[in-house]
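> turn this into a structure:
(chains A and B)
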Amino acid sequence: MEYQFRAIEQKWQAIWKERKSYKVSNESTKPKYYVLDMFPYPSGTGLHVGHPLGYIASDIYSRYKRLKGFNVLHPMGYDAFGLPAEQFAIEHGVHPAKCTNDNIQNFRNQLDNIGFCYDWDREVRTCDASYYKWTQWIFLQLFNSYFDRTSKKAVDIKHLVTVFEKEGNIQHACPGDNKLQFTAADWMGYSEKDQQAILMHYRLAFCGFGEVNWCEALGTVLANDEVINGFSERGGHPVEKKKLRQWYLRITEYADRLLSGLETIEFSDAMKEMQSNWIGKSYGAEIDFEVSDYPASLRVYTTRPDTVFGVDFMVVAPEHALIEQITPDTHKEAVAQYITYVKSRSERERIAEKKITGCFTGAYVINPFNKKLVPIWISEYVLAGYGTGAIMAVPCGDDRDFKFAQHFNIPITNIIGEAFNGVDANPTKEAKLTNSDFLNGIVQKDAIGIVNDKLVAMGIGQAKVNYRMRDAAFSRQRYWGEPFPIKWINEIAYPLKESELPLLLPTVENYGPGPDGEGPLANIASWKLENYETNTMPGFAGSSWYFIRYMDPQNEVEFCSKKASDYWGQVDLYIGGTEHAVGHLLYSRMWTKVLYDLGHISFDEPFKKLLNQGMIQGSSRFVYRKRGTQTFISAGLVGEQEVDQLHVDVNMVDGVELDTAAFKKWKPDYANANFELEDGKYICGVEVEKMSKSKFNTVNPDDLVNKYGADTFRMYEMFLGPVEQSKPWDTKGIEGVHRFLKKCWRLCFDELKGKVWVDEAPTNEELKVLHKAIKKIEEDTERHSFNTAVSAFMICVNELYDLGCHKKSVLSQVLVLLAPYAPHFAEELWQVLENEGLIVDAAYPVFEAKYVLETAKEYPVSINGKVRTNISIALDASEDAVKAIVLGNALVQKWIEDKPIKKLIFVKGKMINIVI
RNA sequence: GCCCUGGUGGUGGAACUGGUAGACACGCAGGACUUAAAAUCCUGUGGGCCGCAACGCCCGUGCGGGUUCGAUUCCCGCCUGGGGCACCA
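As a prediction, this is how the structure comes out:
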């Protein structure tokens, strides 16, 4: 009986489906475990071999946990709203729902092929009304709450209204407008419109008028993390700053909790680093400098208050409000010219050419510490949106300030003596201060606190924390997304009632943009008539909470029952790529914290542990066409000839050897190709690149599953290397894994003799092999070292093979170990060996140390650190006995000659080293 | 520029807390079975040296130092691949 993987896999997939083997209940006496994959965006191109890597890892871990006696939640769904489906709709006139559905069907078929243990009854699709109803509901939670800075949590906005009625906003500084101050009497006197405008400045989801990343080609706004170097992440179109009315999430209020929360979760250092960089917390001080000859002061933000005696000039952002007031007539024209110039420059130009530009305003401030007059400059290198939009420049301690001073010939004050060489700024905090009055002789980092205290005493400033992170743009001028549950009446945003949800996405005639930068929904008369918001939510809305919906996916009265979310709690293991480091992972952490603050769930971090799978790169193959001919030259013969390097489909290449017949058939152009061969073969060029259709280096998992079976495919993906590491795909080694499974099969069946397995008692040697494998594979699986676990299986099977072990009791245990990795294979042999029930419900073997105990050890004996021989010594031998045996050994004596022994190191169970 | 990662045979990788570097697999070479092929099995396989062979010796984890009886592992300095951030004061 042969290993017929195709029949076996189909058979068991049908049985598992029929018996609902992967159905998970929220009621269980077993401990819970939640394993989550980042759900995919169902793109039109389907899966390539890189996508399932993480899914296979999570599937193995889920199955492993299940065998270990856990109630495992392992769901899957689709992040189905988004731009590509809509672009496709614009180009082909197909409704996004239709092509999304088709793509999902295709994904599902591909996923099913690989034999995952998802509970499909819990599938979610973010574009289903039954799902986005609750996305809208959570939006209303955000809209109806504000961040209370005292308790540092989200609170119902109604509470804020009662506070305003009693005391105004005296104790609740306005996050959206820090100058806003009003009393209770003021509040009571405001119109509804004014009151609502003020509340909007507090809401966690708010509508504002601000500079956004506008992408003309996509006709929409993008979030900061969707823009890369001035171009859109999707499509690579130019992005400009534009002032528009937009919805935002006030994520900045959560900056500190998002940062400190990182300490409570297991993310890789790289991932935590990326998030904390994005949040960008910096400690510094705000200092007020009085403007000379004008009744105002300029507030700056600096991280280096210790350098305040080294201030040679001030720089304000071109947008700074004070400029107009303080610029004397003599300088008005120059300033106006400079500001016009800055406005003419696009974001991309600024990033591309980092020129030093600036303009003196003609105004001065007075340094409060030494009463010196300090000139105020304007320059685009100071950003309006960060800190106070103004800085104090200290050229001897800051690189940009130094270059600016040099460029404009501003004299430089040295406050750090020899630590400043006059050629480069010295930004360290280690130098002793000079020229600094009461700070002289103090090391800079120690002076920071002293100055901060002084600022407070003088009433001109204080220590201040700043964040680089901005509020997240939360609206898109697109069709294929969640409608906002908001009506605009008289410029006031009214939320829909919960009972009015979901606000269904209407059908439109065309997907083109609406008037005045509005989305396609603005083209619908009935929609406008109802005064509904015409923007839709961005892609990250639905993905910010899907992991909660899986816990209670069919609930029609709540987004998730408290009982269900209390039972499942945090995601124990989340597996996905690093590309979501600052987008999805940050937003979903924020939403979780809000839902926690409002009492809807009982955990405030969604993901306990994150495992990042590496990216599988493509290994591209090239042919070399002699320029202007149909002659293709083998890689080794190209030399100096003029050739065009062309991608060729990797699936037509065996290693590096091109299948020339297949190549000729590939494209009509190549039908008449000639080849210049080396050793009778056409050898292709090789390069590692991103896997993509356009590079013809994608490999479809379906093809491999058809050729080798899902179990081989699963194990090979794991065998490739550590999951977290990026590596190029190479199909070559898959044979080795396939051979392993066939060899394992032959422990039960022989091609000629048929059944060879027997129901006999195992020997000690066989039990030793088994228990070594249990220990190794359990430990490796536990620490997600799936590649070494696969090799442990190979070692185990090789050893059983050498021992001629065909015993049911041993093999059955091995099959349970193997079940997470090769589920169909294990299930089939489990049945063949006449075991009870399904292997998916079996119990994981328990390691027993007594089977692997050794009595002796082959000790490596080194002399001066170099291994010279091995001596077998009983493990329970005393150190003296070991010494005697070792020194009595002829080879050891030969090496020692007659030199005295300085030291003998004996590490029990490890090694022996003699120092002479 | 700053931060995070990695660098080990022809290839993918192993060595988990400092203790026999190269597990396991691919590839390659040789052999067995076969009319042949596929499949399967066996042997060898880091580089070099002495030698008929055996025993054996030297070198070797990006480079250069250091700590240690002992370093792929720890420390310092550099080279280099990948990723992130980038006028953030």
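> can you pull out the strands in the stretch 401-550 of chain A?
Using DSSP state E, counting those that start in this stretch, the strands of the stretch 401-550 of chain A run over A:461-467, A:472-473, A:486-489, A:492-495.
> what are the contacting residues of the third one?
Contacting residues not belonging to strand A:486-489 are listed as A:143, A:493-496, A:530-533 [Cβ atoms under 8 Å, 6 or more residues apart in numbering]. Backbone N, C-alpha and C define where each C-beta goes, glycine included.
> and the furthest pair within those residues?
Using Cβ to Cβ, those span at most 18.0 Å, a distance reached by A:F143 and A:E530.
> comparing these two, which residue is more hemmed in?
Each of A:F143 and A:E530 has its neighbours counted (other Cβ atoms under 10 Å); A:F143 has more, 21 against 12.
> ok, that one to RNA strand B distance?
As for A:F143, its distance to RNA strand B is 27 Å (criterion: Cβ to the nearest atom of the strand, to the nearest Å).
> kindly report the same for A:R63.
According to Cβ to the nearest atom of the strand, A:R63 and RNA strand B sit 21 Å apart.
> which non-adjacent residue is nearest that residue?
Spatial nearest neighbour of A:R63, chain neighbours left out: A:P820 (3.7 Å); criterion: Cβ to Cβ, 6 or more residues apart in numbering.
> wait, what's in contact with the closest residue to RNA strand B within the stretch 51-200 of chain A?
Using Cβ to the nearest atom of the strand, the closest approach of the stretch 51-200 of chain A to RNA strand B is made by A:L53 at 12.5 Å. By Cβ under 8 Å, 6+ apart, A:L53 lies in contact with A:613-614, A:616, A:717, A:723.
> if you set the cut-off to 10 Å instead, what comes out?
A:575, A:577, A:613-616, A:717-718, A:720, A:723, A:727, A:729 (Cβ atoms under 10 Å, 6 or more residues apart in numbering).
> which bits of the stretch 301-450 of chain A sit near RNA strand B?
The stretch 301-450 of chain A comes close to RNA strand B at residues A:301-304, A:317, A:350-351, A:354-355, A:380-383, A:386-387, A:389, A:391, A:398, A:400, as judged by Cβ under 7 Å from any atom of the strand.
> give me the buried entries from those.
Buried by 16 or more other Cβ atoms under 10 Å: A:301-304, A:317, A:380-382, A:386-387, A:389, A:391, A:398, A:400, out of these.
> just the ones of these in strands?
A:301-302, A:391 (DSSP state E).
> tell me the residue of the stretch 1-150 of chain A that sits nearest RNA strand B?
Proximity to RNA strand B, evaluated over the stretch 1-150 of chain A using Cβ to the nearest atom of the strand, is greatest for A:E2 at 8.7 Å.
> if you could redo that for chain A, that was the one I meant.
Nearest to RNA strand B in chain A, going by Cβ to the nearest atom of the strand, is A:G736, at a distance of 2.4 Å.
> give the buried residues for the strand or helix carrying that residue.
Using DSSP states H and E, A:G736 falls within helix A:734-746. Neighbour-count burial for helix A:734-746, counted by 16+ other Cβ under 10 Å, picks out A:734, A:737-738, A:740-741, A:744-746.
> what pairs with whichever helix or strand comes after it, parallel or antiparallel?
Next helix or strand after helix A:734-746 toward the C-terminus (DSSP H and E): strand A:749-750. Its sheet considered, strand A:749-750 pairs with strand A:754-755 (antiparallel) by DSSP bridges.
> which residues of the stretch 201-350 of chain A fall in helices?
A:255-261, A:269-279, A:322-326, A:329-344, A:347-352 (DSSP state H, counting those that start in this stretch).
> so which elements touch the first one?
If I follow you right, that is helix A:255-261. Counting contacts by 3 or more Cβ pairs under 10 Å, 6 or more residues apart in numbering; DSSP states H and E, helix A:255-261 packs against helix A:269-279, strand A:281-291, strand A:461-467, helix A:584-597.
> in a markdown table: those, plus mean pLDDT, mean neighbour count and distance to RNA strand B.
Shown next, in a markdown table, are those (pLDDT from 0 to 100; neighbours: other Cβ atoms under 10 Å; distance: least, Cβ to the nearest atom of the strand, whole Å):
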| stretch | mean pLDDT | mean neighbour count | distance to RNA strand B |
| --- | --- | --- | --- |
| helix A:269-279 | 88 | 15 | 3 |
| strand A:281-291 | 93 | 19 | 3 |
| strand A:461-467 | 91 | 17 | 6 |
| helix A:584-597 | 95 | 23 | 11 |
